[in-house]
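J.: the sequence and its predicted three-dimensional model are supplied below.
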Amino acid sequence: MLTILKIISFIGLGFTILPSIFVLTGTIGMQLNKNLMILGTVLWFGTVIFWMNRKKKNP
């Protein structure tokens, strides 16, 4: 479960960073950039709170 949350978090982080690079190169427009960045922000902040700064349990 924790691994899935981390993967989703990093996908969201990618949706936050990569669209700006695509706009810089002219690959996508500004409206799509805004939509992807909002999606990435929601994914990142919606999932990172469950795994970041959590102490591991001893087995």
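T.: Happy to help now that I have it. Residues are numbered from 1 along each chain as shown.

J.: which residues touch the residue nearest to the spatial centre of the chain?
T.: Geometric centre of the chain, nearest residue: Gly12, 1.5 Å, by C-alpha atoms, centre = their mean. Taking C-beta atoms under 8 Å, 6 or more residues apart in numbering, we find Gly12 in contact with Leu39, Gly40, Thr41, Val42, Leu43, Trp44, Phe45, Gly46, Thr47. Every C-beta, even on glycine, is put in place using the N, C-alpha and C of the backbone.

J.: just the buried residues from these, in ChimeraX please.
T.: In ChimeraX, this line selects whichever of the contacts of Gly12 come out buried by 16 or more other C-beta atoms under 10 Å:
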select :40,43,44,47
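
J.: as JSON lines, the contacts of Gly12 with distance to Leu32, secondary structure and pLDDT would be great.
T.: Formatted as JSON lines, the entries for the contacts of Gly12 read as follows, by distance: C-beta to C-beta, whole Å; DSSP: H, G, I helix; E, B strand; the rest coil; pLDDT from 0 to 100:
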{"residue": "Leu39", "distance to Leu32": "10", "secondary structure": "helix", "pLDDT": "96"}
{"residue": "Gly40", "distance to Leu32": "12", "secondary structure": "helix", "pLDDT": "96"}
{"residue": "Thr41", "distance to Leu32": "15", "secondary structure": "helix", "pLDDT": "96"}
{"residue": "Val42", "distance to Leu32": "16", "secondary structure": "helix", "pLDDT": "96"}
{"residue": "Leu43", "distance to Leu32": "16", "secondary structure": "helix", "pLDDT": "95"}
{"residue": "Trp44", "distance to Leu32": "18", "secondary structure": "helix", "pLDDT": "93"}
{"residue": "Phe45", "distance to Leu32": "21", "secondary structure": "helix", "pLDDT": "93"}
{"residue": "Gly46", "distance to Leu32": "21", "secondary structure": "helix", "pLDDT": "94"}
{"residue": "Thr47", "distance to Leu32": "22", "secondary structure": "helix", "pLDDT": "93"}
